[in-house]
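Colleague: Kindly generate the corresponding structure for this input.
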Amino acid sequence: MGPLGRETWAQRLGAFRASPSAFMAGPQGEDLGRDLLSDLRSEKLSEPVKVALLALCLEYPAQLWPDAPAAEAAATSLLDTLVLLPPRPSALRRPLLLAATTALAAGGALSPASGASRRLLPLLLGLASGRDLGRSFGPASEQRPLQATAWECLRELESCRPGLLGGCLGLLRALLGREGPVQPLSLLLALALRNALVIQARAGAGLQGLLTAGDSSMEGGSWNWTLAEEGDVHLQPQAPSWPAAEEGEFGLAALELSPEEARELRATVAQLLDASYLLTPVAQAQLLWLLGWALRGLRGQPPVLFKPQLVRLLGTAQLTLLHATLALKAAFGEALFTAQDEVLLLRRLTLAAQHPALPLPTHLFYLHCLLNFPENWPLGPTGEEAAPLLLGSQLCRGLLPSLLHEPMALLARLHLLCLLCMEEEEKEEKGQDQSPRHYLEELLAGLRQRAALDSGPRALATLCFQASYLVAHCLAGQPVVLTPLTQGLAQLYRTRPALAPHFVDLLDRVGPELQEPLRVALRQEVVSRPGREEALRWHLLMLARVADGDAQSATLNFLWAAATHCTDWGLQQALLRVCRALLRAGVGGGLADLLQALARQLEDPDGQDHARLYYILLAHLAGPKLGVALGPSLAAPALASSLVAENQGFAAALMVQEAPAPVRLSVGPRRAEGPVPVLQLQVEVLEPVYSLELRFRVERQLYAPLGAVHVPCLCPGRPTRPLLLPLQPRRPAPARLAVRALYSTPSGLTCHAHLPPLLVTFADLFLPFPQPPEGARLDFFEELWDSCLPKGAESRLWCPLGPEGLEALVSRHLEPFVVVAQPPVSYLVAIRLPPDSRLLLRLEAAQADGVPVALRTDDWAVLPLVGDYLRGLSAAG
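Modeller: Predicted coordinates for the structure are as follows:
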């Protein structure tokens, strides 16, 4: 098939971009990557079309080449295409380099065993270092952009495989002083240096001369795959802060540098910093971040290397550089920044944040820096919010929030004001302006006044509650602020009850310092309102959130008055939700009368059913069970009747539910005593279980029905007595018991679970005969032996013995049933098999590897079971 035309490729690319997964799953998806690589060499397609194909390779490498072999083959083909380009100028060289790098990195094919990797890495380093690689790589006019692209490709590979360029650090240092692109080389050297330091620190080794390697690295033999394997953990060069995981025992502090290595490291960092002014602000910020990480944890590496840059950084107007400066301050503190530097930074941030022409994002950035300013000597525990010590009320006078500010700016300024209030004394000194606390109260009052306007936009109400939450969060320990805030919010609800959903959301989010007093105040506001207001719907919504066991009389009086005005379905449901909340709070007698009246008076059948159901629950369930029944439920979504959906929740709480078994049951040691065989059960629980009932069912009806076993209480970690399960076999045969557990949980739910079945073996049924007098044992056995014939059966078999011999085997398995013993070579054994069978064994003339066994039984059906049992004794040990 020949190459595709431009229109065909335009259609295929459009279909692919519309849905890459659907296209690759279709009939054309399998051939897309192969056709793309083939047509890149076609002379019938123009360069713009080929550039579009290479753009697809850069955007969707995982879809085009989903595994390592496919990515390896694609990279090889792209490199072949690059080499075959004619020497004239071409727009394909840079995209081809980027596409080959992307294919290897995204496809996981970058490895020392990859032929494409062995071709690409020396090629990239040669192009980046400015070597003459022949006419295939274009005229001289293309070399500089091609060189910058090679640096970017190398940085991408180092990011994907940290440590890959660790052996090239000396070469990169040498190239930094030559003519060529400074920015990509500086970023690559800083990244490779940071990765090498981290990896060597984890390995407990030094730099081992990595910074002093010369131009020999250009031969391509310095790719440090060992470092790349050790640095397989993905490092984030763009992360906003230094991770704590790199500190301590396994961090950079563990790196031991020789004096020469330390000197070379300082020289490299100084060289990078000296050339940093040539980089763009974003690149400078990234360089500072990488070098800050490299020096932050190293012992004996003072951060004074950054000192010459502070003169330029402290006066910068670039936000990225200002952010990098603050990151350095957070990392090094007073070791790099003096108190004068700290004052200068604070004044710069404060004055810049007050500039009236700032865009909103820039204004928010300055405020964020002030709120999170890294101080040299912070007071209080780590992580506690506090205003900087040097940031006083006078300096922040121009940053006080105003109702004219944008909502986001107002909240950020309000946050700063709250931090100032935390450190402001309550008393005001004579001659001073209003304290920050008074200003805060006036601002919140203004926000509430705007939110109280009936015709006001919803955004004003939202801003008021956001500000209230922020104040409650920051000043939770100051009742002098929370008390007027609570009163003001209660007054706001009195003025505009339609804000009830906002109040409910606020109560769900604030802490108990504001939640409890605000809930009491709102409940008082609701129950003091007449029931015939238009705001009844909002009052009922609020009361369903704030109602509890306190003020029962006032709450019930309000509900009695409101019941006469609840004529539509929505109001009735809101009223019943309040009744439900009171039920959960434990309100009793008066609520029962109200529910009975509602069941009679409400016209809607759904409301009547709800009221009747609540009354039945209140009359028949104790407090804990009632709380479980009315608690949150995982019921199905609401159906046509809300009662149906709610009943599903009640069923989950009141009926027996199937649950994963919290009980483990196993068969313990055998008990060869008593009139019937008894199975001894060991029980273990994973969580507290109450009123446990174990029910057993015998498969194939081999035994009579088994009784249940009851245990009052079981707790994890406490020793438990074995449970005894009497068996009543209808014939002597092993059986399989199905087990079902019925129990109560600590939350009051009743659950059932199916446990793994228990196996009753043939030996579990053995019972001993009553012991005859000492002198009559042999006669007793012979009488039993003779009584088995002619009705029964007789057999002989060979019983293998283990290394311990016959005496140990009998002692371990048959001791309770031995009638006559002549150790260690002869034993006469009598076993009673319920319901009324017997098994007699003569073990005589034992040899080294086994013993012949003569057996008689009055039930011939047990012969196969006896044979399997005896042959398995030696294996059982």
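Colleague: What segments of the stretch 501-650 of the chain are strands?
Modeller: Listed in chain order, the stretch 501-650 of the chain contains no strands at all (DSSP state E, counting those that start in this stretch).
Colleague: Show me the helices in it, by range?
Modeller: 512-527, 536-546, 552-563, 569-585, 589-601, 605-620, 623-629, 642-654 (DSSP state H, counting those that start in this stretch).
Colleague: looking at the ones you listed, which is buried most?
Modeller: Stretch with highest mean neighbour count among the helices of the stretch 501-650 of the chain: helix 536-546 (a mean of 22; mean count of other C-beta atoms under 10 Å). In short, each C-beta sits where N, CA and C put it, glycine included.
Colleague: on that earlier part again, got a markdown table for the helices of the stretch 501-650 of the chain, with distance to residue 54 too?
Modeller: Formatted as a markdown table, the helices of the stretch 501-650 of the chain follow (distance: least, C-beta to C-beta, whole Å):
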| stretch | distance to residue 54 |
| --- | --- |
| helix 512-527 | 60 |
| helix 536-546 | 60 |
| helix 552-563 | 72 |
| helix 569-585 | 62 |
| helix 589-601 | 74 |
| helix 605-620 | 66 |
| helix 623-629 | 64 |
| helix 642-654 | 57 |
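Colleague: Compare the ones you listed and report which one is nearest to residue 113.
Modeller: Proximity to residue 113 (C-beta to C-beta) singles out helix 642-654 among the helices of the stretch 501-650 of the chain, at 58.2 Å.
Colleague: just checking, what packs against the helix or strand following the closest one?
Modeller: Using DSSP states H and E, the next helix or strand after helix 642-654 towards the C-terminus is strand 657-658. Where contact means 3 or more C-beta pairs under 8 Å, 6 or more residues apart in numbering; DSSP states H and E, strand 657-658 is packed against strand 750-760.
Colleague: nearest to residue 20, of the helices of the stretch 501-650 of the chain?
Modeller: Of the helices of the stretch 501-650 of the chain, nearest to residue 20 by C-beta to C-beta is helix 642-654, at 41.8 Å.
Colleague: What ranges does the stretch 151-300 of the chain have for its helices?
Modeller: Using DSSP H, counting those that start in this stretch, helices in the stretch 151-300 of the chain cover 169-176, 183-203, 225-230, 259-274, 281-296.
Colleague: Return the most buried member of the ones you listed.
Modeller: helix 183-203 comes out most buried of the helices of the stretch 151-300 of the chain by mean count of other C-beta under 10 Å, with a mean of 23.
Colleague: related to what we said a few turns ago, ranking the helices of the stretch 151-300 of the chain by mean pLDDT, which is last?
Modeller: When these are compared on mean pLDDT, helix 225-230 scores lowest, with a mean of 60.
Colleague: Format the helices of the stretch 151-300 of the chain as CSV; extra columns: distance to residue 741.
Modeller: Below are the helices of the stretch 151-300 of the chain laid out as CSV (distance: least, C-beta to C-beta, whole Å):
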stretch, distance to residue 741
helix 169-176, 66
helix 183-203, 51
helix 225-230, 52
helix 259-274, 67
helix 281-296, 57
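Colleague: rewinding a little: could you export the helices of the stretch 501-650 of the chain as CSV, including mean pLDDT and distance to residue 672?
Modeller: Shown next, in CSV, are the helices of the stretch 501-650 of the chain (pLDDT from 0 to 100; distance: least, C-beta to C-beta, whole Å):
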stretch, mean pLDDT, distance to residue 672
helix 512-527, 91, 63
helix 536-546, 91, 66
helix 552-563, 87, 65
helix 569-585, 88, 56
helix 589-601, 86, 61
helix 605-620, 84, 50
helix 623-629, 67, 46
helix 642-654, 51, 46
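Colleague: Give the residue spans of the stretch 751-877 of the chain that score low on pLDDT.
Modeller: Residue ranges of the stretch 751-877 of the chain with pLDDT under 70: 874-877.
Colleague: So which residues of it form helices?
Modeller: According to DSSP H, counting those that start in this stretch, the helices that the stretch 751-877 of the chain contains are 777-787, 805-813, 863-871, 873-876.
Colleague: how about those, which one is nearest residue 142?
Modeller: helix 873-876 (80.7 Å).
Colleague: who's in contact with the nearest residue to residue 846 once chain neighbours are set aside?
Modeller: Sequence neighbours aside, residue 806 is the residue nearest to residue 846 in space, at 4.2 Å (criterion: C-beta to C-beta, 6 or more residues apart in numbering). Taking C-beta atoms under 8 Å, 6 or more residues apart in numbering, we find residue 806 in contact with 824, 825, 827, 843, 846, 851.
Colleague: repeat that with 10 Å
Modeller: 799, 823, 824, 825, 826, 827, 843, 844, 846, 847, 850, 851 (C-beta atoms under 10 Å, 6 or more residues apart in numbering).
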